[in-house]
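Chemist: Provided below are the primary sequence and the corresponding predicted coordinates.
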Amino acid sequence: MPSAQKPSTGPFNPRRFDALRFAQAAATLDGELPLADLKRLAPDLQAPLPPDARVFWSARGEWRDGPTGSGPQPWLHLQVRAVVPLACQRCLGAVDTELLVDRWFRFVADEAAAEAQDDDAEEDLLALEPRPDLFEVIEDELIMALPLVPMHEACPETPAALQGAAAPAEAAAPERPNPFAALQQLKGRKPGDGS
């Protein structure tokens, strides 16, 4: 997945992310990715994607205390922003939706340690080994940030397919009688009138 990296990335490779060294150096990385390169996110997006659609991200490492009594550990603060086209669930047209990620991760030795600690940890856990791909972490977070029901605040128009389907149903609906018409007739009668 190519990335337009800024010079601030220095010696750290986001593809084989050395989180331990990154946290020890209190380093930062930032950059942008073409939205089209996120293949696992693509099925949730409304095609065609704008050719200039980008994902902007920044990462900061910190060495700080973990859970009580565990001592200092490597942490990562990840921020991601992207505007993605999703299918509006009301009109089915594309609705540009801003996805924002602002998350802290604590690193543990390996996948087994992450699995063992996951239930008790309030924060998200990542393994130091094998070294994670930071771009895959970014894509995972964007997938989890997708809204369940994307919708326009006000749909620009009803698609022709829906308009055509609604019109015959409205025309075919018989006019319902007023349920109070019979009551009005009873009120209008005089005592002693029979029929």
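Modeler: That came through fine. Residues are numbered from 1 along each chain as shown.

Chemist: Now the residue nearest to the spatial centre of the chain: closest residue in space that isn't a chain neighbour?
Modeler: The centroid of the chain falls nearest to residue 146 when counting by Cα atoms, centre = their mean (1.9 Å). Closest residue to residue 146 apart from its sequence neighbours, by Cβ to Cβ, 6 or more residues apart in numbering: residue 44 at 5.8 Å. For the C-beta atoms, the positions are set from N, CA and C on the backbone; glycine is no exception.

Chemist: before we move on, the earlier item: run a quick check on the residue nearest to the centre of the chain versus residue 43, I expect a contact.
Modeler: No. Between residue 146 and residue 43 there is no contact under Cβ atoms under 8 Å: 10.9 Å.

Chemist: Could I get the full set of strands for the chain?
Modeler: Secondary structure of the chain (DSSP state E): strands at 4-5, 28-34, 54-65, 72-87, 94-110, 124-129.

Chemist: okay, those strands in JSON lines with mean neighbour count next?
Modeler: Shown next, in JSON lines, are the strands of the chain (neighbours: other Cβ atoms under 10 Å):
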{"stretch": "strand 4-5", "mean neighbour count": "12"}
{"stretch": "strand 28-34", "mean neighbour count": "18"}
{"stretch": "strand 54-65", "mean neighbour count": "18"}
{"stretch": "strand 72-87", "mean neighbour count": "19"}
{"stretch": "strand 94-110", "mean neighbour count": "17"}
{"stretch": "strand 124-129", "mean neighbour count": "17"}
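
Chemist: got those strands as a markdown table, with distance to residue 19 and mean pLDDT columns?
Modeler: Listed next are those as a markdown table, based on distance: least, Cβ to Cβ, whole Å; pLDDT from 0 to 100:
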| stretch | distance to residue 19 | mean pLDDT |
| --- | --- | --- |
| strand 4-5 | 18 | 42 |
| strand 28-34 | 11 | 95 |
| strand 54-65 | 7 | 95 |
| strand 72-87 | 5 | 96 |
| strand 94-110 | 5 | 95 |
| strand 124-129 | 6 | 93 |
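
Chemist: Quick one, which of those gets closest to residue 155.
Modeler: Using Cβ to Cβ as the measure, strand 94-110 is the one of the strands of the chain that comes nearest residue 155, at 8.5 Å.
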